[in-house]
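Undergrad: Here is my input, please return the structure:
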Amino acid sequence: MIRISHKHVPSDTVALARALLGKVLMRSIDGVIAAGRIVETEAYLQHDPACHAFRGMTPRNRSLFLEHGHAYVYLCYGTSYLLNVSSEARGIGSGVLLRALQPLYGTAHMQRNVKHVQPNDLTRGPGRLTAALRVDRRHDGLNLFTNKQLWIGDDGHRVKAIGESVRIGLSKAADERLRYFVAGSRYLSGTRKLNQLETQCAHP
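TA: Numbering: from 1, shown residues only. As a prediction, this is how the structure comes out:
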């Protein structure tokens, strides 16, 4: 597994949302490495009313304004932590939400963290993803290309086709087609309709 360098990924939100598909999110938990392949992302741009940076920088969202590749973790509705990757040059508040992973290894350890979730659903959805990997506000601001607790790697896997659709669960900018996914993956969090073939776009 090769660590990703800032130089090898785009500092553009949409391009990063697509480039992260197929990469591997790694987590060291109590000396055990758990990992999953990123299969679903959503892009949030600073001018986007659905983006947390839309109204400017606050103590809560300042990690979104870091150089691309840093973690922005927030608590959603008081129940689930969501993991985002800052996606632009320093000072521009934009990010990519990691929505779903295909579990690769360490799945038994993930299961111990969320015993009520079925194995196939361990990392299907942004809240389950962070629960399985024990990601929370302690990880906010980490450099996901260099950190030893939580990082993104590349094992050489290449995605054959990328799908796109509207984002999920939004009331603002709900029609923006800024959700990207590995076409045909059975680990996606979207509905069957959102993941149908007609939502697919060009190859990576």
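
Undergrad: who touches R134 in this structure?
TA: 27, 29, 113 (CB atoms under 8 Å, 6 or more residues apart in numbering). Placement of C-beta: from N, CA and C, glycine included.

Undergrad: Check those for the minimum pLDDT and say which it is.
TA: Taking pLDDT as the measure, these have their low point at N113 (77).

Undergrad: all helices for the chain, in order.
TA: For the chain, applying DSSP state H gives helices covering 13-19, 107-113, 126-133.

Undergrad: nearest to A173, of the ones you listed?
TA: helix 13-19 (13.3 Å; CB to CB).

Undergrad: Quick one: list the elements packing against the closest one.
TA: strand 32-44, strand 95-105 (3 or more CB pairs under 8 Å, 6 or more residues apart in numbering; DSSP states H and E).

Undergrad: possible to save the ones you listed as JSON lines with distance to R18 and mean pLDDT?
TA: Converted to JSON lines, these look like this (distance: least, CB to CB, whole Å; pLDDT from 0 to 100):
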{"stretch": "strand 32-44", "distance to R18": "8", "mean pLDDT": "96"}
{"stretch": "strand 95-105", "distance to R18": "9", "mean pLDDT": "97"}
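
Undergrad: can you redo those strands as JSON lines with distance to A132?
TA: Below are the helices and strands packed on helix 13-19 laid out as JSON lines (distance: least, CB to CB, whole Å):
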{"stretch": "strand 32-44", "distance to A132": "7"}
{"stretch": "strand 95-105", "distance to A132": "8"}
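
Undergrad: Which residues are in contact with H157?
TA: Going by CB under 8 Å, 6+ apart, H157 touches 22, 24, 37.

Undergrad: Just give me the closest of those residues to Y72.
TA: Distances from Y72 to the contacts of H157, taken by CB to CB, are shortest for V24, at 19.4 Å.

Undergrad: By mean pLDDT, which helix or strand of the chain comes out lowest?
TA: None of the helices or strands of the chain scores lower by mean pLDDT, DSSP states H and E than strand 2-3, at a mean of 82.
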